[in-house]
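**Student:** sequence first, predicted model second:
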Amino acid sequence: MPEDLTHAVTAASPAAAATPAPAPLSQTPDAGPGPVSAPGASAVGGAAAPSRPAAGSDSAASEAGHGPAAASPPAGAVTAESYQAFTLPDGMTVDDGLLGRFRSVAAGLGLTQAQAQQLVDLRAEQARQEAAAHAGQSRQWAEEARRDPEFGGAGFQTALAVADRGLASFATPELRALLDQTGLGNHPEMIRLAYRIGRTLSEPGPVQPGATPPEAMSTADFYAREVFGR
């Protein structure tokens, strides 16, 4: 089991978008051409189906692919593709999908390259602190294990060999990888469990004539006596 595990972790104002004014609830005779209210629309009900714009209106022109509503975004507008590559600390990687989402959010807020980089720096510092705290916790568990009254002290390395034998017999490779990745392999209680399992295992040796095989221990007795110490 590892005695230490360090886990490397990987505002300008928003761009204003022109929003069309809501359709009036009623039309006066001299109001001129305007949107035709959809059947069933109400002031407090759910959204009605889009109305068919009146002929000659700007909305109708936009459906035909021209007119003010179909104009391209203003030059210089911030988009997700506007940002250059962000600077990350050495050794830190970021999921491409998550980075793409960040670019979209930053563009929606109208952030400049420098402002978006400040947020990246803040998250990188948070990740560094989280990794340092995780590594510190793992080291603390290892120190507590070395002082444990049951398997610590002068015979600690021998106890670790016994614990390793217990894990090798019952733990899957996936479990052992998990213990290493999370640092739980240094936790005193995890070592205690593996150590007690290892103590129940004996190295095979020659069978003496007339020797009586030991009585088999049930699973319930094993946990009661060896794991929970009852």
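**Tutor:** That came through, no problem.

**Student:** low-scoring stretches of the protein, by residue?
**Tutor:** Residues of the chain that meet the criterion pLDDT under 70 lie in 1-76, 202-230.

**Student:** quick one, helices of it?
**Tutor:** 58-63, 96-108, 113-146, 156-170, 173-182, 188-199, 219-222 (DSSP state H).

**Student:** nearest to residue 78, out of those helices?
**Tutor:** helix 96-108 (4.8 Å; C-beta to C-beta). No exception for glycine: its C-beta is placed from N, CA and C like everyone else's.

**Student:** any figure for the gap between the residue nearest to residue 167 when sequence neighbours are not counted and residue 111?
**Tutor:** What sits nearest to residue 167 in space, not counting adjacent residues and going by C-beta to C-beta, 6 or more residues apart in numbering, is residue 194, at 4.9 Å. Distance, residue 194 to residue 111, using C-beta to C-beta, to the nearest Å: 50 Å.

**Student:** and stretch 172-190, end to end?
**Tutor:** 15 Å (C-alpha to C-alpha, to the nearest Å).

**Student:** domains in this structure, by residue range?
**Tutor:** Using automatic domain parsing, the domain ranges for the chain come out as 80-136, 147-202+215-227.

**Student:** okay, these, which one's buried deepest?
**Tutor:** Highest mean neighbour count of these: domain 147-202+215-227, a mean of 15 (counted as mean count of other C-beta atoms under 10 Å).

**Student:** what about the helices of the chain, which gets the closest to residue 90?
**Tutor:** helix 113-146 (10.6 Å).

**Student:** need the contact list for residue 100.
**Tutor:** residue 80 (C-beta atoms under 8 Å, 6 or more residues apart in numbering).

**Student:** distance of it from residue 160?
**Tutor:** Using C-beta to C-beta, residue 100 is found at 45 Å from residue 160.

**Student:** can you show me the CA trace of stretch 86-93 as CSV?
**Tutor:** Extracted C-alpha coordinates of stretch 86-93, given in CSV (Å, rounded to 0.1, in the frame of the first residue of the first chain):
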residue,chain,number,x,y,z
PHE,A,86,-6.2,29.6,-22.0
THR,A,87,-3.0,29.3,-19.9
LEU,A,88,-3.1,26.4,-17.4
PRO,A,89,-0.5,25.4,-14.7
ASP,A,90,2.0,22.8,-15.7
GLY,A,91,0.7,19.3,-15.5
MET,A,92,-3.0,20.4,-15.3
THR,A,93,-5.4,19.2,-18.0
